[in-house]
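*Asks:* Need coordinates for the below:
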Amino acid sequence: EARENGLPEEMLQEAEGALRRLAAARVLAAAMEPIVAGRADFASNLRAALEEARGAGVDAAKVKAGEQRLRGGAAAKALAEAIASGSEDKLRLALEKAHEAGSTGRQVEEARNMLERMVAGLELQ
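*Replies:* Purely as a prediction, here's the structure:
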């Protein structure tokens, strides 16, 4: 309708780009919600939202926050698997991944304490 009313093409393209950025930013924000983080498809949905956000030119800070959230989710999954496995090697790798992602909290402390107990047990033998 705007084209029919004679609005300049440049103005229309600018408006369409702004709408695309806004829509992509909303999808990204929704994908990062805590309630979504526990879902099995969290990582794939967030990756898709990040790709769309980058393509639409969403603010770099918002994209960076989404990337950080994705790394944190991967680190949390690796920590849970390492704790469940009881493997010293897996704990070390998962803690390294958590450190790189900037993860902190109860799960990191649990893995760190578990690893310390393993190392202390080996030293006593």
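*Asks:* Mind listing what's buried along stretch 101-121?
*Replies:* Using 16 or more other C-beta atoms under 10 Å as the test for burial, stretch 101-121 gives 101, 103, 107-108, 111, 114-115. Where C-beta positions appear, they are placed from N, C-alpha and C, glycine not excepted.
*Asks:* which residues are contacting that stretch?
*Replies:* Residues from elsewhere that reach stretch 101-121 (C-beta atoms under 8 Å, 6 or more residues apart in numbering): 68, 71-72, 74-76, 79-80, 82-83, 86, 88, 91-92, 94-95, 98.
*Asks:* quick one on the thing from earlier: which of the buried residues of stretch 101-121 fall in helices?
*Replies:* Using DSSP state H, the members of these that fall in helices are 101, 107-108, 111, 114-115.
*Asks:* Could you identify the most distant pair in those residues?
*Replies:* Greatest spatial distance among these (C-beta to C-beta): Ala101 and Met114, at 18.7 Å.
*Asks:* related to what we said a few turns ago, tell me which of the buried residues of stretch 101-121 is nearest to Ala40?
*Replies:* Distance to Ala40 across these (C-beta to C-beta) is lowest for Gln107, with 18.2 Å.
*Asks:* got a pLDDT number for the closest one?
*Replies:* Gln107 is assigned a pLDDT of 90 by the prediction.
*Asks:* ditto for Gly66
*Replies:* At Gly66, the predicted lDDT confidence score is 93.
*Asks:* counting contacts, what elements does the helix or strand it falls within pack onto?
*Replies:* Using DSSP states H and E, the element containing Gly66 is helix 60-85. Packing partners of helix 60-85 (3 or more C-beta pairs under 8 Å, 6 or more residues apart in numbering; DSSP states H and E): helix 9-31, helix 42-56, helix 88-101, helix 106-124.
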